[in-house]
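In: Got a sequence here, can you model it:
(2 chains)
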Number of protein chains: 2
Amino acid sequence: MKILNKEFEKTFVNDLEELFLWRRDVKSFSNTTIDQDTLERLMSFACKAPSVGNSQPWRFMLINTLETRQAIFEEFKRENKQAAERYKKETKQEYLKLKLEGLLEAPSHLAVYSETTPLRGKGLGRSTMPETVRYSTVLAIGQLWLHARALGLGLGWVSILNPKNINQILQAPKNWDLIAYLCLGYPKLNSQIPYLEEVNWQSRDGFKEFIIYR
Amino acid sequence: MKILNKEFEKTFVNDLEELFLWRRDVKSFSNTTIDQDTLERLMSFACKAPSVGNSQPWRFMLINTLETRQAIFEEFKRENKQAAERYKKETKQEYLKLKLEGLLEAPSHLAVYSETTPLRGKGLGRSTMPETVRYSTVLAIGQLWLHARALGLGLGWVSILNPKNINQILQAPKNWDLIAYLCLGYPKLNSQIPYLEEVNWQSRDGFKEFIIYR
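Out: Residues are numbered from 1 along each chain as shown, chains lettered A, B, ... in the order given. Just a heads-up that it's a prediction; the model follows:
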């Protein structure tokens, strides 16, 4: 089916911009579970993300085993302790007070992988920038993140994990690269302000700071 | 300002899903220019994307000089010729017929960079997975892509370029990593079908192929 003039309404654009503002990295979840249909809906639309050469390198791993989740949490604690050691006294105290994940609360855990050298796409578009394969998977995650928020869900990206250890815990295929470990659930709180801004760790700058011309 | 119950309407969710389906990688642009306000609006909302440790590593470079654009196009032609050599006879012929960029038509060129080790965020969240800095910039690009489509614009990601050569042409700061070279403009055509699917290079698979459980 091809239609030549698909236009989006102004009210939709306004709501979309609201969505960009309201999307958050969520660390506190209620105990309401997410039904399988909703999870599949999210993943099916994530697969409509752009990918280099249409290579569709994204691979979704849903972690339902409690033991596995616990092992991930233990891995987080180990890595987080080491991460804290990188800071000096005061900042270290500040860092240790932060809530950086909701692994035990989140009703759904999703590890997102990227196939290293996908057959799909016949290598198109990635000979000089092979990293675009992984970037394609990141685009799928970004889409899922916005979609989740629109459905009233929250997503938290946990990056304080060593991919090697995660791959071992999850028995990931050898030709898969871990891109993100995600927590999903209904958020306890909605806010337009990022958590790290709220707790005075890092504020956001105006966009003009980030533009240059050539 | 903090509101505890921001909910999105069902009609909005439907339109958002439509947007996911209609977003395309655009290679053919009309000659209508994009006004500066629209470009700034896109970049300002892109800066609301999530970033590891709130590090905001994205850097936008707008390329307005005609000579520079021409140099980018020459670089594309060189790399694309080499990319074609990787295919055998028939596939090579097929490859050479593809339209993979709209560099000369697009009214706006945007190179998106990522600061290698941003000071913002104090390194939080990236000690074990430093690649999350670049992934943050990719998330900003994904947001900009959807936003552009909602506003009736199209975006094309050109990845058949050697970053080293691009950095030299653009005189990019040394501590910046090239993430994407983007073309922006009003598309000549709207479609729900990816170009590479339409020309039988690579079709899309159902999402269930991409899910496993642990």
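In: Every contact and neighbour count from this point should use C-alpha atoms.
Out: OK.
In: Direction included, what does the strand ranked longest in chain A pair against?
Out: Ranked by residue count and defined by DSSP state E, the top strand of chain A is strand A:176-185. If you go by DSSP bridges, strand A:176-185 pairs up with strand A:108-115 (antiparallel), strand A:154-158 (antiparallel).
In: just the CA coordinates of the first one, formatted as PDB?
Out: By that I understand strand A:108-115. Extracted C-alpha coordinates of strand A:108-115, given in PDB (Å, rounded to 0.1, in the frame of the first residue of the first chain):
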ATOM      1  CA  SER A 108      10.000  -7.000  32.800                       C
ATOM      2  CA  HIS A 109      13.700  -7.300  31.900                       C
ATOM      3  CA  LEU A 110      14.700  -6.900  28.300                       C
ATOM      4  CA  ALA A 111      18.300  -7.400  27.000                       C
ATOM      5  CA  VAL A 112      18.700  -5.900  23.600                       C
ATOM      6  CA  TYR A 113      21.400  -7.400  21.400                       C
ATOM      7  CA  SER A 114      22.700  -6.600  17.900                       C
ATOM      8  CA  GLU A 115      23.900  -9.300  15.500                       C
END
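In: Pull the residues that contact stretch A:77-92.
Out: A:95-96, A:160-162, B:127-128 (Cα atoms under 8 Å, 6 or more residues apart in numbering or on different chains).
In: and these as TSV, adding distance to residue B:173 and pLDDT?
Out: Listed next are the contacts of stretch A:77-92 as TSV, based on distance: Cα to Cα, whole Å; pLDDT from 0 to 100:
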residue	distance to residue B:173	pLDDT
A:95	31	98
A:96	34	97
A:160	29	98
A:161	30	98
A:162	30	98
B:127	23	96
B:128	25	98
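In: want to throw the residues you listed into CSV with secondary structure, distance to residue B:150 and neighbour count?
Out: What follows is the contacts of stretch A:77-92, written out as CSV (DSSP: H, G, I helix; E, B strand; the rest coil; distance: Cα to Cα, whole Å; neighbours: other Cα atoms under 10 Å in any protein chain shown):
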residue, secondary structure, distance to residue B:150, neighbour count
A:95, helix, 39, 19
A:96, helix, 41, 14
A:160, coil, 34, 25
A:161, coil, 36, 24
A:162, coil, 37, 17
B:127, coil, 36, 18
B:128, coil, 36, 17
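In: of all the residues you listed, which comes closest to residue A:111?
Out: Nearest to residue A:111, judged by Cα to Cα, of these is residue A:161 at 11.7 Å.
In: quick one, which of the strands paired with strand A:176-185 is packed in tightest?
Out: Stretch with highest mean neighbour count among the strands paired with strand A:176-185: strand A:154-158 (a mean of 25; mean count of other Cα atoms under 10 Å in any protein chain shown).
In: How about the helix or strand following that one and chain B, touching?
Out: The helix or strand immediately downstream of strand A:154-158 is helix A:163-170, counting by DSSP states H and E. Yes. With Cα under 8 Å from any Cα of the partner chain as the measure, helix A:163-170 is seen reaching chain B through A:163, A:170.
In: Would you mind giving both backbone torsions of residue A:32?
Out: phi -70, psi 130 (degrees, to the nearest 10).
In: need the contact list for the residue nearest to it when sequence neighbours are not counted.
Out: In this structure, residue A:32 finds its nearest non-sequential neighbour in residue A:186, 6.6 Å apart by Cα to Cα, 6 or more residues apart in numbering or on different chains. For residue A:186, the contact set (Cα under 8 Å, 6+ apart) comprises A:29-34, A:152-154.
In: The same query, at a cut-off of 10 Å, please.
Out: A:26, A:28-34, A:106-108, A:148-149, A:151-155 (Cα atoms under 10 Å, 6 or more residues apart in numbering or on different chains).
In: Serialize the strands paired with strand A:176-185 to TSV and add fields for mean pLDDT.
Out: What follows is those, written out as TSV (pLDDT from 0 to 100):
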stretch	mean pLDDT
strand A:108-115	98
strand A:154-158	98
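In: need the ones you listed in TSV with distance to residue A:175, can you?
Out: Shown next, in TSV, are the strands paired with strand A:176-185 (distance: least, Cα to Cα, whole Å):
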stretch	distance to residue A:175
strand A:108-115	6
strand A:154-158	22
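In: Residue A:54 reaches residue B:195, doesn't it?
Out: Yes. Assessed by Cα atoms under 10 Å, residue A:54 is found in contact with residue B:195 at 9.1 Å.
In: which of those two has more neighbours?
Out: Neighbour count, other Cα atoms under 10 Å in any protein chain shown: between residue A:54 and residue B:195, residue A:54 has more, with 26 against 21.
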